[in-house]
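**Q** Give me a model of this one.
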Amino acid sequence: MSRPDDDAATAVRSRREGLLVGAAVGAALAAGSPPPPERSRAPIALADALLGELVGGGVDLRRMSRSWVTWYRSDGLDADPILAMALQHLEEFDAPTDQLPQPSAIAIAAALPAALAAASPRAMVSGTFHVARMLDPRPTTGLVATAIVVAAAALIDGQRDVLPEAVTFLRANDAPAPLVEQFRAVARDRHIPPPSPRGPHPDPATVATWVLGELDRHSRSVDLLHNLVDAGVSSTAGAILGALAGARDGVASWPDRWLQGGGDDVSRRQKMASRLG
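**A** Prediction:
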């Protein structure tokens, strides 16, 4: 007979794996196809660089950024022009750019594995903010990315209603009032779906509030993700939604075709999840 502590630890491991595998599944569902063999879509490849650092026991941001550039030069699947500008600047100057023509939601996807460091909340928050700002220098993007990582960490811990967690984080960190209100509106008007982040360059806050709103409206992640195929969102938005859905529910109940449709990204992340314990 298993002990309650053993059952709880198993559930946490399942949700940690769900965060990683869910991102790969969500990206593939949004794109409408698995990635080609031995290739990775941008939101998965960038997050994998941070994940590799975490598996190694310490995060070296310079080494991680070089991994991003190497992936961009050798693969670059789903890399949009905004991401290309950020990575080209990192390659040329060995430092993040201080300006981009528009915000980039991929900064959220790249930072998602930081939720696995929730045992050190201060390091998790600081690390998320720095990773996000390497891809988008706007402080608001860093705050949005960190709010989503805080929510993901709470989901892994077994919470289900994480909208208040995100709002509390933003208010505690002096986020601009319009940004806080955008998140508060989702929590306040739960019967009204937030705008869908359609198009190739969705605003980070729009992606974040859509993901949190979808999680709030659907108690089962299978129902939630069935809509991704026809949602018209980017692979980045799909990766973020899939990651948080997996962090809440795990992926054991997901159809095999979804896991197979994630391609090599799923099997690689399953192995990395087992290494993290």
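
**Q** Just the mean pLDDT for stretch 210-220, thanks.
**A** In this model, stretch 210-220 carries a mean pLDDT of 94.

**Q** from the middle of its chain, how far away would that stretch be?
**A** Offset of stretch 210-220 from its chain centre (CA atoms, centre = their mean, to the nearest Å): 15 Å.

**Q** Then stretch 88-106?
**A** That offset, for stretch 88-106, works out to 19 Å (CA atoms, centre = their mean).

**Q** so for it, what's the average pLDDT?
**A** 96.

**Q** What is the burial count for the nearest residue to residue 199 once chain neighbours are set aside?
**A** What sits nearest to residue 199 in space, not counting adjacent residues and going by CB to CB, 6 or more residues apart in numbering, is residue 234, at 7.3 Å. In this view, the C-beta of every residue, glycine as well, is placed from N, C-alpha and C. Neighbour count of residue 234, defined by other CB atoms under 10 Å: 27.

**Q** Give me the phi and psi for residue 234.
**A** Per-residue torsions, residue 234: phi -70, psi 170 (degrees, to the nearest 10).

**Q** Equivalent analysis for residue 96, please.
**A** Residue 96 has phi and psi values of phi -70, psi 150 when expressed as degrees, to the nearest 10.

**Q** Tell me, what's the model's pLDDT at residue 226?
**A** Looking at residue 226, its pLDDT stands at 88.

**Q** how deep is it tucked in, by neighbour count?
**A** Using other CB under 10 Å, the number of residues around residue 226 comes to 14.

**Q** cool, and residue 38?
**A** For residue 38, the count of nearby residues is 8 (other CB under 10 Å).

**Q** Any figure for the gap between the residue nearest to residue 115 when sequence neighbours are not counted and residue 245?
**A** Excluding the flanking residues, the one nearest residue 115 by CB to CB, 6+ apart is residue 152, at 3.8 Å. Here the criterion is CB to CB, to the nearest Å. By it, residue 152 lies 10 Å from residue 245.

**Q** Over to residue 264?
**A** For residue 264, the distance to residue 245 (CB to CB) stands at 21 Å.

**Q** so where's the stretch 1-150 of the chain shaky on pLDDT?
**A** The stretch 1-150 of the chain contains residues with pLDDT under 70 at 1-6.

**Q** again, only this time at 80
**A** Where the stretch 1-150 of the chain drops to pLDDT under 80, the residues are 1-6, 57.

**Q** Which residue ranges of it form helices?
**A** For the stretch 1-150 of the chain, applying DSSP state H, counting those that start in this stretch gives helices covering 4-31, 42-55, 61-74, 81-93, 106-111, 121-135, 139-156.

**Q** Which of those sits closest to residue 249?
**A** With respect to residue 249, and counting by CB to CB, the nearest of the helices of the stretch 1-150 of the chain is helix 4-31 at 6.6 Å.

**Q** Flag every buried residue along that closest one.
**A** 13-31 (16 or more other CB atoms under 10 Å).

**Q** what angle separates that helix from helix 42-55?
**A** For helix 4-31 against helix 42-55, the angle by axes from the mean of the first three to the mean of the last three CA atoms, to 10 degrees is 150 degrees.

**Q** next one: helix 4-31 to chain centre, how far?
**A** That offset, for helix 4-31, works out to 12 Å (CA atoms, centre = their mean).

**Q** Against which helices or strands is it packed?
**A** Under the contact criterion of 3 or more CB pairs under 8 Å, 6 or more residues apart in numbering; DSSP states H and E, helix 4-31 touches helix 42-55, helix 139-156, helix 221-226, helix 235-249, helix 256-261, helix 264-276.
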